[in-house]
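Visitor: need the 3D shape of this:
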Amino acid sequence: NKNYKIDFALAEGATLAIGGLSAGAAPSWITVNGGAAYCNDQGWIFTARTLANTKEIAAHGDKVPNAPLEAVGITSVGDPESGNDSLAAASTAVFALNHEVSEPATVAIGAGESAATFRLKGGTAEKPVVYGAIGEGPAPMLTASFAASRPADWAPAGDGLWRLVPSVSPDVGAMWFDGEKSVGFKKDSREDVRNDLDFHCDRKTRTTLVKSGRNPAERFSSVELSLGVHGLEIRGADGLVVDGLHVRGAGNHGLSSGDATNVVIRNCTFDRIGGAELYVSEFGKHIRFGNAIEFWGNAINVLVESNRFDQVYDAALTHQCSERGQVQRNLSWRGNRVSRCEYSFEYWQHGEDAVTENVLVEGNVFEDAGYGFGHRQRWNPNAGHLILQDNTAATKNFVFRRNVFGRSLDRGIRLFNDWHGALRFEGN
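Guide: Numbers count the residues shown, from 1 in each chain. Take a look at the predicted model:
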């Protein structure tokens with residue numbers, strides 16, 4: 001007796017089969033293009049790469065609404081009907097999920113991969129909702145990318161171009177071939193696609209083209225497309241913890257937060273993030289974006305610690321806003337390791353009557369700013385570890401303490417305005 005709102009984009013020719021679901025019954029299955037997803041009575045979705053075998057899943061079918069999810073053990077890949085492991089390919093759907101969980105609750109995510117955008121709901125400061133890994137082994141990977149690794153995923157388009165056949169997203173932030181062996185170079189127009197592995201996305205027609213001497217899926221063993229969506233989303237949440245997850249391949253932000261209070265992000269990995277188009281400037285420049293973790297708007301009592309970041313188009317860590325009256329207070333960024341991002345840490349706030357206070361950036365290791373995939377593709381390559389942009393917010397007690405900085409293709413630190421009285425550097 002609960003309703004679930006699931007928004008997703010399907011490839012052409014897809015079949016969406018949805019089974020019945022009721023509290024106390026065995027779990028239902030959602031099958032999308034040969035992949036599968038498990039819908040439990042909390043409204044959480046697991047795609048094919050995270051599914052355990054039918055017997056193990058069915059054992060948890062007696063969950064009732066508002067029951068905690070600690071016991072849901074998702075540890076291996078399997079087909080719920082045949083029991084085989086033939087569904088390793090990523091789903092062609094991108095899910096934007098809205099789910100209800102109890103307070104407090106633990107949303108336990110098992111090893112494997114799922115193709116989804118997860119919108120995280122909160123609890124309270126005293127009883128937060130915890131999104132965390134269970135069991136041993138690698139961290140669960142939440143990927144917003146699409147695997148276009150089958151020859152059938154590509155069709156010749158003339159002039160040495162190949163067109164992506166599944167219409168999975170209007171925009172692709174980056175293309176990754178054989179992991180990071182080769183990376184596509186995104187161009188603003190089809191006419192600019194001239195060199196090997198140049199690519200272009202026409203957002204109006206949802207057409208993606210890449211330059212290649214032969215079918216990319218025959219040339220490379222894996223082709224991953226970072227789709228123009230966020231990996232994780234927080235919208236107006238109070239009281240949540242994200243612990244031990246791996247977010248990969250989001251073409252927008254890895255974690256996008258708008259208005260958040262009492263949030264902890266720890267022991268996570270964010271990589272291959274960003275590159276999607278944000279807007280076209282008045283001068284015709286296609287402005288791209290993508291931060292690993294971004295807190296926009298109000299952000300109060302935030303802790304981001306012991307995470308790893310690699311290959312990010314823009315900033316690994318940032319809090320920022322241009323809206324009026326926003327408060328960013330009590331933010332700690334500590335013990336993180338950042339490499340190959342255009343910016344390691346970025347901050348700005350210039351909305352009227354905005355406030356920023358009590359920010360601590362401590363014990364982080366920042367390495368190789370600008371050495372990632374995005375630097376040479378930007379219209380404005382400007383790498384740096386600490387980028388403190390134009391800031392008009394009433395700002396105090398902003399501290400950088402005991403951080404380590406190593407290598408940057410451009411600046412180490414860039415300050416855009418007078419920070420006297422607000423900024424301190426200690427023991428870096």
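
Visitor: count of neighbours near A292?
Guide: A292 is flanked by 33 other residues according to other Cβ atoms under 10 Å. All C-beta spots, glycine's among them, are computed from the backbone N, C-alpha and C.

Visitor: work out for me the element V302 sits within.
Guide: Using DSSP states H and E, the element containing V302 is strand 293-305.

Visitor: which strands border that strand, and is each parallel or antiparallel?
Guide: Using DSSP bridges, strand 293-305 pairs in its sheet with strand 255-266 (parallel), strand 308-321 (parallel), strand 327-334 (parallel).

Visitor: what about that strand, distance to the chain center?
Guide: Its chain's C-alpha centre and that of strand 293-305 lie 15 Å apart, by Cα atoms, centre = their mean, to the nearest Å.

Visitor: contacting residues around the residue nearest to N397 when sequence neighbours are not counted?
Guide: Nearest non-adjacent residue to N397, counting by Cβ to Cβ, 6 or more residues apart in numbering: N358, 5.0 Å away. Applying Cβ atoms under 8 Å, 6 or more residues apart in numbering, we find N358 in contact with R329, N330, L331, K396, N397.

Visitor: mind checking which helix or strand of this structure has the lowest mean pLDDT?
Guide: When each helix and strand of the chain is scored by mean pLDDT, DSSP states H and E, strand 94-98 comes last, with a mean of 26.

Visitor: returning to that earlier point: out of the contacts of N358, who's the most crowded?
Guide: Neighbour tally across these (other Cβ under 10 Å): the maximum, 23 neighbours, falls on L331.

Visitor: in contact with that one: list those residues for me.
Guide: F295, A299, V302, L303, V304, H319, N358, V359, L360 are the contacts of L331 under Cβ under 8 Å, 6+ apart.

Visitor: of those, buried ones?
Guide: F295, A299, V302, L303, V304, H319, V359, L360 (16 or more other Cβ atoms under 10 Å).

Visitor: relative to G244, how far out is the fourth one?
Guide: Spelled out, it's L303. 15 Å (Cβ to Cβ, to the nearest Å).

Visitor: my read is that D368 contacts D410, right?
Guide: No - D368 is beyond contact range of D410, at 11.8 Å (criterion: Cβ atoms under 8 Å).

Visitor: of the two, who's got more company?
Guide: Shown here are D368 and D410; by other Cβ under 10 Å, D368 has more neighbours (18 against 15).

Visitor: who does the host helix or strand of that one pair up with?
Guide: In this structure, D368 sits in strand 365-369 according to DSSP H and E. With DSSP bridges as the test, strand 365-369 is paired with strand 337-349 (parallel), strand 404-408 (parallel).

Visitor: which parts of that strand are buried?
Guide: Quick answer for strand 365-369 (16+ other Cβ under 10 Å): F366, E367, D368, A369.

Visitor: would you point out the most distant pair within the residues you listed?
Guide: F366 and D368 (8.6 Å; Cβ to Cβ).

Visitor: which neighbours do those two share?
Guide: In contact with both F366 and D368: G406, using Cβ under 8 Å, 6+ apart.

Visitor: can you name the residues in contact with stretch 275-285?
Guide: 171-174, 186, 188, 201, 203, 226-228, 251-252, 286-290, 313, 373-374, 377, 379.

Visitor: what ranges do the helices span in the stretch 151-300 of the chain?
Guide: 216-219 (DSSP state H, counting those that start in this stretch).

Visitor: endpoint to endpoint, stretch 189-198 covers what distance?
Guide: Stretch 189-198 has an end-to-end distance of 10 Å (Cα to Cα, to the nearest Å).

Visitor: and for that stretch, what are the contacting residues?
Guide: In contact with stretch 189-198 (Cβ under 8 Å, 6+ apart) are residues 161, 175, 177, 182-187, 199-200, 202, 209-213.

Visitor: buried residues in it?
Guide: R190, V193, L197, D198.

Visitor: so how far is stretch 164-181 from its chain's centroid?
Guide: 15 Å.

Visitor: and it, how far apart are its ends?
Guide: So stretch 164-181: terminal residues 20 Å apart, Cα to Cα.

Visitor: can you list the contacts of L331 in a markdown table and add distance to S145?
Guide: Shown next, in a markdown table, are those (distance: Cβ to Cβ, whole Å):
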| residue | distance to S145 |
| --- | --- |
| F295 | 24 |
| A299 | 27 |
| V302 | 27 |
| L303 | 28 |
| V304 | 23 |
| H319 | 26 |
| N358 | 36 |
| V359 | 32 |
| L360 | 33 |
